[in-house]
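Trainee: coordinates only, no sequence provided:
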């Protein structure tokens, strides 16, 4: 079934660990996005990509990095996790020329 | 860059009443204004959107209005039901280009009391 998938759904790790949050979509979408959602609800754009080998930083500064080697895959990496990174991370995608965003189920990250 | 403000942050209504959520945007070049609904523990989903070439759009019990001059737009939900309880986000972007990105408002937690 065409969808956008995020793994893991929940992640609890210790400070200093390197982590990668996975995001894959099977809809052939060109554009992909990472949003960070605070416990207080706000959705902040932290990274986006308009195609393979294209990545840009969003409006909220983030210590994470992303890569887009394949159209369907847009992983987010934190080299050294800290408690301040605790949040929900939502991946989204859309087709070129369209505006409707399709969201993944999110990864709830807790850094102890 | 674009900045989107949303009010109120929380809204409690009785079942059957109407609910109105308002947003303002800063970028006069923005031309696409969607609304997303996020139920507890679930992903945000698009419920309605409006483009700058129209002033109002309706879909059953929900409607969105846009005032380009004042740079604000609103979501109206009539005859609210308990299943309308969720967080609602407005957003704005410059649609139609290759590099459009959606900027969200701060969200409104709507609680419909049975």
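Mentor: Structure received. For clarity, every value in this text was computed on a predicted model and none was experimentally measured.

Trainee: look up how far residue B:107 lies from residue A:1.
Mentor: From residue A:1 across to residue B:107, the span is 28 Å (Cβ to Cβ, to the nearest Å). To be clear about C-beta, it is placed using only N, CA and C from the backbone, and glycine gets the same treatment.

Trainee: try residue B:85
Mentor: When residue B:85 is compared with residue B:107 (using Cβ to Cβ), they lie 14 Å apart.

Trainee: so residue A:10 touches residue A:107, yeah?
Mentor: Yes: contact criterion Cβ atoms under 8 Å: residue A:10 and residue A:107 qualify, at 7.4 Å.

Trainee: and the two? Which one has more around it.
Mentor: Higher neighbour count among residue A:10 and residue A:107: residue A:107, with 21 against 10, using other Cβ atoms under 10 Å in any protein chain shown.

Trainee: roughly how far does that one sit from residue B:13?
Mentor: 32 Å.

Trainee: is any part of the lowest-mean-pLDDT helix or strand in chain B close to chain A?
Mentor: In chain B, the helix or strand scored least confidently by mean pLDDT, DSSP states H and E is strand B:103-104, which has a mean of 91. Yes: Strand B:103-104 comes into contact with chain A (Cβ under 8 Å from any Cβ of the partner chain), by way of B:103, B:104.

Trainee: what pairs with that strand, parallel or antiparallel?
Mentor: Strand B:103-104 sits in its sheet next to strand B:86-92 (antiparallel), going by DSSP bridges.

Trainee: average pLDDT for the strand it pairs with, rounded please.
Mentor: Average pLDDT, strand B:86-92: 96.

Trainee: is it true that residue A:2 touches residue A:72?
Mentor: No: if you go by Cβ under 8 Å, residue A:2 and residue A:72 don't touch, sitting 10.8 Å apart.

Trainee: on that earlier part again, which of residue B:85 and residue B:107 has more neighbours?
Mentor: A count of neighbours by other Cβ under 10 Å puts residue B:107 above the other of residue B:85 and residue B:107, at 24 against 19.
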